[in-house]
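In: Following is a predicted model, sequence given first.
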Amino acid sequence: MKTLIVFYSMYGHIYQMANAVFEGVREVEGAEAEMKRVPETLSQDILKKMGAVEAQQRMSHIPICTVNELASADALIFGTPTRYGNMCGQMRQFLDGAGQLWLNDALVGKVASVFTSSGTQHGGQESTILSFHTTLLHLGFIIVGLPYSFHGQKRVDEITGGSPYGASTIAGGGGERMPSENELAAARFQGKHVAGIASRLFK
Ligand SMILES: Cc1cc2nc3c(=O)[nH]c(=O)nc-3n(C[C@H](O)[C@H](O)[C@H](O)COP(=O)(O)O)c2cc1C
């Protein structure tokens, strides 16, 4: 049972969350986990202007995903930073390349889940995940979120990401805040939850 974690991260927040998702998947007996990045669409020049070059280098050992690889996994967990309340353009471009898979029903019945990151607390985490789900439903995925049995999403004693739709983190306006312990626990929970459901489904 293979779970593929497919993400884009500009400054490393989603990457940290992806690592926690990976750990969670690995907690399920017999579950194989793999992490892949979607291809970059911005030039080095633009990335430099956005102050993202160093962070990109820290992720450079993670292989780039091809759309056809989506069909080789039983479960897919997508990670994307918010862009105006939606998935980032890199992820959109990647998924727009999955037309042949859609045409051939290649992803129908697989399990999928989404986690995200935003700059501000109310900057569109829920809309990013929910609008991502539309694409996943077109492709025929069975969508899994982050149930309230992850109790950390009920916390009000500290600012935290995480909702029934999926794990999330708040990066701060300048990207200065990295995922908290609670947010990483949510990501771990989501990875384990998705892999657990997928392994029961595909037994
Ligand atoms: C073009 C652009 C649009 C963005 N739109 C939003 C937004 O709508 N709401 C928000 O809270 N943050 C927004 N952000 C901030 C990013 O979501 C934030 O940098 C990201 O979550 C950090 O995760 P990463 O380090 O994994 O890329 C935007 C950033 C960029 C560059």
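Out: The structure has been received and is ready for your questions. Residues are numbered from 1 along each chain as shown.
In: switch to C-alpha atoms for all contacts and neighbour counts from now on
Out: OK.
In: what residues does the protein put near the ligand?
Out: Counting by C-alpha under 6 Å from any ligand atom, the chain comes close to the ligand at 9-15, 81-85, 117-120, 123-124, 171, 175.
In: And what about residue 94, helix, strand or coil?
Out: Assigned by DSSP: H, G, I helix; E, B strand; the rest coil, the conformation of residue 94 is helix.
In: And for the closest residue to it other than its chain neighbours, the neighbour number?
Out: Of all residues not flanking residue 94 in the chain, residue 38 sits nearest, at 6.5 Å (C-alpha to C-alpha, 6 or more residues apart in numbering). By the measure other C-alpha atoms under 10 Å, the count of residues near residue 38 is 24.
In: ok, now residue 167?
Out: 34.
In: what's the spacing between the residue nearest to residue 94 and residue 7?
Out: 6 Å (C-alpha to C-alpha, to the nearest Å).
In: got any residues that touch both of those two?
Out: The contact sets of residue 38 and residue 7 overlap at residue 91 (C-alpha atoms under 8 Å, 6 or more residues apart in numbering).
In: tell me the contacts of residue 80?
Out: 7, 8, 9, 14, 87, 88, 91, 114, 115, 116, 117.
In: where does the residue most central in space within the chain land in three-state SS?
Out: For the chain, the residue nearest the mean C-alpha position is residue 79 (1.7 Å; C-alpha atoms, centre = their mean). Under the three-state scheme (three-state DSSP), residue 79 adopts strand.
In: Name the helix or strand for the nearest residue to residue 129 once chain neighbours are set aside, please.
Out: Nearest non-adjacent residue to residue 129, counting by C-alpha to C-alpha, 6+ apart: residue 114, 6.0 Å away. For residue 114, the host element (DSSP states H and E) is strand 111-118.
In: on that earlier part again, and the residue nearest to residue 94, how far is that from residue 161?
Out: 23 Å.
In: the helices in the protein, which residues?
Out: In the chain, helices defined by DSSP state H lie at 13-26, 44-49, 53-58, 89-96, 99-103, 125-138, 181-202, listed in chain order.
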